[in-house]
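Q: Sequence unavailable; structure follows:
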C-alpha cells in the first residue's frame, strides 16, 4: 500500500519540468531597466505666489528608514516672519531602485503622533485643464499649550503619487501601474510622493484658519505650485503636444 505522502513519478517529472522552465525564463528575460525619466523636478521654487519658501530638513528617522537612494525636496511656505504653525509644508519624496521609499502615509502618520480621523479624494482644477485628484486626510494630535493644558491640533494632509506620465491619489493604482511597467515594458518606474500639509489654526493663532479655509488654501497652493515641479504641467512639456484630456478613474496618462 502506497503512502499518502508518496509523489508519483509523473508528478515528479512535471514539477521538474516546471522548475526548469522557470529557471530558463528567469535566465533569458533581461532584468527590468531603471527608468531615468521621472515625472517631477526635485527642486521646489523659492516663491509661490505671495508665499516664500523656507528650507526644511529631512528627519533623521526618514534618512535611517528609507533606502539611501531616496531623494527629497522639502520646504515650508509662508509670509516673511510668519509663525511655523502658519506655514504650508510641501514635500516630494522620489523613490530610487527600491520601492520602500513610497508608501501610504496612513501607515506612518500614527508613528509621528497624528491620528487619521477622516479621508476623501478631492479635485484640484489645474490651469492646464487637468482635474488633479488628491487624497485629503484630516488629522489630529494632542498638544501641550503654554499654560500646560492639553488641546488637540487638527491638520489637513493632502498627497498624491506622480509617475513618469501619470498621477493618482490611490496606492493600489500606483502598484498596478508599477507591475504593468515591469511586466510589459521591463521598466522599473520611479514614483514620486507629493505632500502638502497645513494645520487648522483656529483657536491656536489670532485670526486662525477654519478647516474649510485650510482645505481651500491647500487646494489653491497645489494649483499654483504644481506647474513648477510636475513635468506634465510645465508649459514646456505641454507645448510638446501632450493632451490634457486623457482623464479617467482618478488618473491621467500620456503614452503610458
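A: Thanks, I have the structure now. Because the structure is a prediction, the values reported are computed rather than measured. Residues are numbered from 1 along each chain as shown.
Q: give me the number of residues near residue 93?
A: By other CB atoms under 10 Å, 23 other residues sit near residue 93. Just so you know, the C-beta spots here come from the backbone N, C-alpha and C atoms, and that holds for glycine as well.
Q: Might you report the residue contacts of the spatially most central residue of the chain?
A: Computing the C-alpha centroid of the chain and ranking residues by CA atoms, centre = their mean puts residue 193 first, at 2.2 Å. Contacts for residue 193 were tallied using CB atoms under 8 Å, 6 or more residues apart in numbering; they are 92, 93, 94, 95, 101, 102, 103, 159, 161, 162.
Q: Show me which of the residues you listed is closest to residue 129.
A: Minimum distance to residue 129 across the contacts of residue 193 is 17.4 Å, recorded for residue 162 (CB to CB).
Q: Quick check: beta-bridge partners of that closest one?
A: The bridge-partner assignment for residue 162, based on DSSP bridges, gives residue 167, residue 192.
Q: Wait, it touches residue 39, no?
A: Yes: between residue 162 and residue 39 a contact is recorded at 4.3 Å, counting by CB atoms under 8 Å.
Q: Overlap in contacts, these two.
A: Contact criterion CB under 8 Å, 6+ apart; residues shared by residue 162 and residue 39: 191, 192, 230.
Q: Near the second one, how many residues? Count them for me, please.
A: Here the neighbour count serves as a burial measure; for residue 192 (other CB under 10 Å) it reads 25.
Q: Do I have it right that it meets residue 101?
A: No: taking CB under 8 Å as the definition, residue 192 is not a contact partner of residue 101, at 9.4 Å.
Q: what sits in contact with each of those two?
A: 93, 94, 95.
Q: so how far is whichever strand or helix holds the first one from its chain's centroid?
A: With elements delineated by DSSP states H and E, residue 93 resides in strand 88-94, which encompasses its position. With CA atoms, centre = their mean, to the nearest Å as the basis, strand 88-94 stands 9 Å off its chain's centre.
Q: Which positions in it come out as buried?
A: Using 16 or more other CB atoms under 10 Å as the test for burial, strand 88-94 gives 88, 89, 90, 91, 92, 93, 94.
Q: centre of the chain versus the next helix or strand after it, how much separation?
A: Using DSSP H and E, the next helix or strand after strand 88-94 towards the C-terminus is helix 105-108. Counting by CA atoms, centre = their mean, helix 105-108 is centred 11 Å from the centre of its parent chain.
Q: and the helix or strand that comes right after helix 105-108, what's its mean pLDDT?
A: Next along the chain after helix 105-108, taking DSSP H and E as the criterion, comes strand 115-125. The pLDDT scores in strand 115-125 average 95.
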